[in-house]
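[1] coordinates only, sequence not included:
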């Protein structure tokens, strides 16, 4: 059993810390106004022209900076961006004036027969020259439309492309080159990196997942990173297989907190978001996670306990 390296006794300073603001906490958060640096919401939940959702968001905007995080732009789709979706996002950005706007390096849209369809999922893209060119065009299209810098997030992926030219680039080099060519920023999801590394280990494709994640973070250009995400994950073992799932349904693991510290030491005091999207707990649980992010990563345990 391999021991995981301990973080430095002098933890890297954390920047601003926020939470993903979900419906169960709308009223309580507006009433209590806890000490948070920003709130992050899913852009698509506020595409309506008015109504209760927009009214609540504007109430929050009067108290906190808002970060808009999307799940539907489908930046890597060969069929191109959905003009309606981009128009709705641009209108929302103009109304809210967010501190950051982001989405994922993935695809979700394609064609079925003569129709364009949306898969309602964040599907991985090949890290090829062709995909890089496509992603650069789409990210630049988004930035031109929004008239601001856009952040692109790395993905937790459960399948991968196997064609000969699908892995021309490593993921960190692919994303860093995207940032260099377009001027966009990167949203580095630390939990996604760890989930992918654990699944690679379970598949017999890699060794120590924590070291693999540290190598991944070390390969990213520090000046490209505009935000970090941390979240919980679960390990599922049943008759169908053995897999780690990025479910955002529990506290951040010790391994991910330690990697968050490594990221801060590498990238500087960039903003950190605590995500929690399934089995959403009491607001105080999220605020406790925020307090951990502000203080430092907990002392690392051995790899077996970190994976539990």
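    All right, it came through fine. Everything numeric here is computed off the predicted structure, so don't read it as measured data. Numbers count the residues shown, from 1 in each chain.
[2] To which secondary structure element type does residue 161 belong?
    Reducing the assignment at residue 161 to three states with DSSP: H, G, I helix; E, B strand; the rest coil gives coil.
[3] Look up phi and psi at it.
    Comment: the main-chain dihedrals of residue 161 come out as phi -80, psi 140, following degrees, to the nearest 10.
[4] how deep is it tucked in, by neighbour count?
    The burial metric for residue 161, expressed as a neighbour count using other C-beta atoms under 10 Å, is 14. Using the backbone N, CA and C atoms, a C-beta is placed for each residue, glycine as well.
[5] Nearest spatial neighbour of it, chain-adjacent residues omitted?
    Ranked by C-beta to C-beta, 6 or more residues apart in numbering and with sequence neighbours excluded, the top spatial neighbour of residue 161 is residue 126, at 3.9 Å.
[6] What is the neighbour count of the one you found?
    Counted with other C-beta under 10 Å, residue 126 comes out at 20.
[7] just residue 206 next, same as before
    Neighbourhood size, residue 206 [other C-beta under 10 Å]: 15.
[8] same deal with residue 195?
    The burial count assigned to residue 195 is 27, neighbours taken as other C-beta under 10 Å.
[9] How about residue 293?
    Counted with other C-beta under 10 Å, the neighbours of residue 293 add up to 25.
[10] if I've got this straight, it is in a strand?
    No - the secondary structure assignment for residue 293 gives helix rather than a strand, going by three-state DSSP.
[11] quick one: buried residues of the strand or helix carrying residue 213?
    Residue 213 is part of helix 209-218 when elements are defined by DSSP states H and E. Buried positions in helix 209-218, judged by neighbour count with 16 or more other C-beta atoms under 10 Å: 209, 210, 212, 213, 214, 216, 217.
[12] What backbone torsions are found at the residue nearest the centre of the chain?
    Among the residues of the chain, the one closest to the centroid is residue 189, at 4.1 Å (C-alpha atoms, centre = their mean). Note on residue 189: backbone dihedrals following degrees, to the nearest 10 are phi -90, psi 110.
[13] repeat for residue 67
    Note on residue 67: backbone dihedrals following degrees, to the nearest 10 are phi -110, psi 130.
[14] Can you report how many residues neighbour it?
    Counted with other C-beta under 10 Å, the neighbours of residue 67 add up to 27.
[15] Does it touch residue 229 like I think?
    No - Residue 67 is beyond contact range of residue 229, at 10.6 Å (criterion: C-beta atoms under 8 Å).
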